[in-house]
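>>> here's my sequence, what's the structure:
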Amino acid sequence: ASASGSDDEMLRTVVRVLQQERDDLLAQKEMLERQLIEIRKGGNTAPAMLRDLLMRQSEERARLEAERDQLRAQLTDVEAQLRALGIEGGTSALLTTLASLTDERSRYKAQAERAAQERDTLRAELQRMRDLIATAEEREAKIAALENELRRLAGDREALARQRDSLRQDREATQSEREQWEALRTRMVAEMSALQQDLEAALYNYKRAAAERDKLKEQMAALQNERDKLTASYAALQNERDQLLARLEGNREVLQQLGAEGIGTLKTMIDDLTEERSELEHQLLRAQNQIQQLREQLDEARRKLNAAKQAPPSAAHAETLEVLLSMAQELRTPLGAITAYVDLLLNESVGLLGDLQRQFLLRVKANAERLATLIEEFVRVVAIDSGQVKLHMAQLDLSEVIDDAITATQTQFLEKGITLRLNLPNQLPPVQGDRNALQQVLVELLSNAYRASPDDGEVLLSAQHERAFRPPTLNGKPAEPAEMVVISVRDFGGGVPSEDRARVFSRLFRADTPLIPGLGDTGVGLSIARALTEAHHGYLWFESERGQSSTFTLALPVQAPKAG
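Sure, this is the predicted structure:
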């Protein structure tokens, strides 16, 4: 192939040189014809022109001879090169060789094209085989992953089967214990019913005996009164009889004695009555003294209670609160680890999850988040009760605080399809407060509205600047008008019953405190919100329309920005 290319290049060089020589000869011929015409036309100037022409022809001849010699030398070199290549016989042999080489080149080119096609086919087949191998490897990897998953699921199934058996045994044991307890309870209920019947019968007999006793006492008192009356009448009649007999007999001494005895009996009766009256007066005085002592004890207890409410917490109480806060901090650490591991499992970082496993893990995560919320509320309650709430006061833009609160609760509203409608001004005046505390207050209000609202409902959030706002009277203390920022959150959860409105801002975590219909808060959120609001010298209250809606309003005093 390299020899054929060199021959083609040499042939093209020879042809190019011959064409150039022909062109030069044609140009010289045309120039000579023009000069000949000029000589014929020139007349007297012909000899000079002829001399010039001859001179130029001589020069041109010399140049052409030099070029001829050069071409001859080149031709000789070309012939030598051709002989070196094995080509003899001149131009015809060269053309024959070139034609043969051209045919061979065409044949080799066709073979090269066929080889290229075969090569492309083989490359395509190789790529297809590689793709098949990659697909097979991927399929094998998937099969291996599925086998691992099946083994893991088999292990999980065995573990679940063991747990099921254990739970079944526990259930059977619990069922047996429950049956025993039910039998014991039935027996105790029967015994209690019998005892209740015996008690009712005894109580009935006791009441009847007491009634009969009271009746007998009344009858005895009446008989005693009748006896005393009869005794007095008998004594009076006997005295009168003796007086009459004494008068009839004329015995003056006996008459005086009988009169003295009658008077003595009367004096005795008067003394007895006087003594009873004195005893009753003493009893009344002792009762009055006891009442006065009880009143003094009650006043002293009230004073101690008020002093305990106003006094700072004692050292023991403060130590107890510190222990509670430490316990809350200790609870956060394992809870954070639980949440992190649950997130790791949900992200399938350690293996694929089944639907049932994912459902269980989501429940664990939801309860862990609920527990974290309860711990945070517990810490806030302890801090508020102990007076350890520390506010970092700074000048705030309430618009940014409202935006942060909306962002924090946006996911909750999306879960229930609740629309949050805003009515906010372009700019609110700055206030002095703790950013985290005020954001927590707004988050509590929005969360309460979210919980109270039905699915696909709506919540209204509005804010405005009032230059002379008078908050409602709270705790019997009227408030003076002041420049405030008023923020309202309205939900359409049916409103709060009038009999439960006094408990809205109380703590609802105790078992003996029932939940309030129409209220979303189920713990201490609103209580914490009011405490934080009052720490900012603000006001938090609510208004409710039964069966319609509830509106919680937050009013914060405006802090004018300082110059400079």
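
>>> doesn't Arg546 make contact with Ser498?
Yes - assessed by CB atoms under 8 Å, Ser498 is found in contact with Arg546 at 6.9 Å. All C-beta atoms are positioned from the backbone trio N, CA, C, and that covers glycine.

>>> neighbour count for those two, which is higher?
Between Ser498 and Arg546, Arg546 has the larger neighbour count (other CB atoms under 10 Å), namely 14 against 9.

>>> so what's that one up against?
Gly494, Gly495, Val496, Pro497, Ser498 (CB atoms under 8 Å, 6 or more residues apart in numbering).

>>> can you select the buried ones among those for me in ChimeraX?
Command for ChimeraX that selects the buried part of those, burial taken from 16 or more other CB atoms under 10 Å:
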select :494,495,496
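
>>> between the contacts of Arg546, which sits nearest Ala383?
Relative to Ala383, the closest of these is Val496; by CB to CB it sits at 27.7 Å.

>>> where does that closest one fall, phi/psi-wise?
When read as degrees, to the nearest 10, the backbone of Val496 gives phi -110, psi 130.

>>> can you name the helix or strand that Asn367 falls in?
In this structure, Asn367 sits in helix 355-385 according to DSSP states H and E.

>>> show me what that helix is packed up against.
Here helix 355-385 touches helix 315-346, helix 525-535, going by 3 or more CB pairs under 8 Å, 6 or more residues apart in numbering; DSSP states H and E.

>>> can you flag the weakest of the ones you listed by average pLDDT?
Out of the helices and strands packed on helix 355-385, helix 315-346 stands lowest, with a mean of 71 (criterion: mean pLDDT).

>>> Validate this expectation: Leu442 resides in a helix.
Yes - with DSSP: H, G, I helix; E, B strand; the rest coil as the criterion, Leu442 is located in a helix.

>>> do you know the pLDDT at it?
Looking at Leu442, its pLDDT stands at 93.

>>> any idea how many residues pack against it?
Counted with other CB under 10 Å, residues neighbouring Leu442 total 22.

>>> ok, now Gln111?
The local packing of Gln111 (other CB under 10 Å) involves 10 other residues.

>>> which strands and helices sit next to the host helix or strand of it?
Gln111 is part of helix 91-249 when elements are defined by DSSP H and E. Where contact means 3+ CB pairs under 8 Å, 6+ apart, helix 91-249 is packed against helix 2-42, helix 252-310.

>>> angle of the shortest one against helix 91-249?
What it means is helix 2-42. Helix 2-42 runs at 120 degrees relative to helix 91-249, counting by axes from the mean of the first three to the mean of the last three CA atoms, to 10 degrees.

>>> what comes up buried for the helix or strand just after helix 2-42?
Heading C-terminal from helix 2-42, the first helix or strand you meet, by DSSP H and E, is helix 46-84. Buried residues in helix 46-84, defined by neighbour count with 16+ other CB under 10 Å: Leu53, Gln57, Leu64, Leu71, Val78, Leu82.

>>> could you dump those residues into TSV with pLDDT added?
Below are the buried residues of helix 46-84 laid out as TSV (pLDDT from 0 to 100):
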residue	pLDDT
Leu53	68
Gln57	74
Leu64	80
Leu71	79
Val78	75
Leu82	71
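
>>> look up phi and psi at the residue nearest to Ser550 when sequence neighbours are not counted.
Sequence neighbours aside, Ser544 is the residue nearest to Ser550 in space, at 4.4 Å (criterion: CB to CB, 6 or more residues apart in numbering). Taking degrees, to the nearest 10, you get phi -140, psi 140 for the backbone angles of Ser544.

>>> ok, Ser544 to Asp156 distance?
Going from Ser544 to Asp156 by CB to CB, to the nearest Å gives 51 Å.

>>> ditto for Gly354
Using CB to CB, Gly354 is found at 8 Å from Asp156.

>>> more crowded one of these two?
More crowded of Gly354 and Asp156, by other CB under 10 Å: Asp156, with 15 against 12.

>>> neighbours of the residue nearest to that one when sequence neighbours are not counted, how many?
Excluding the flanking residues, the one nearest Asp156 by CB to CB, 6+ apart is Gln357, at 7.6 Å. By the criterion of other CB under 10 Å, Gln357 has 15 neighbours.

>>> equivalent analysis for Ala482, please.
16.

>>> list the contacts for the residue nearest to it when sequence neighbours are not counted?
For Ala482, ignoring the flanking residues on the chain, the nearest one in space by CB to CB, 6+ apart is Pro557 at 5.8 Å. Shown in contact with Pro557 (CB under 8 Å, 6+ apart): Val431, Gln432, Ala482, Glu483, Met484, His536, His537, Gly538.

>>> how about Pro557: which residues does it bridge to?
Beta bridges link Pro557 to Met484 when assigned by DSSP bridges.

>>> so that it lines up with my notes, have the first residue be 7 from now on.
That works, and once the first residue is 7, the last one we named lands at Pro563.

>>> per-residue pLDDT, it?
What the model reports as pLDDT for Pro563 is 92.

>>> tell me the one of the contacts of Arg552 nearest Leu236?
The shortest approach to Leu236 among the contacts of Arg552 belongs to Ser504, at 68.1 Å (CB to CB).

>>> from Gly553, how far out is that closest one?
For Ser504, the distance to Gly553 (CB to CB) stands at 12 Å.

>>> element containing Gly501?
Per DSSP H and E, Gly501 falls between elements, in no helix or strand.

>>> distance of it from Ser459?
Using CB to CB, one obtains 12 Å as the distance from Gly501 to Ser459.

>>> cool, Ala561 as well?
Ala561 is 23 Å from Ser459, by CB to CB.
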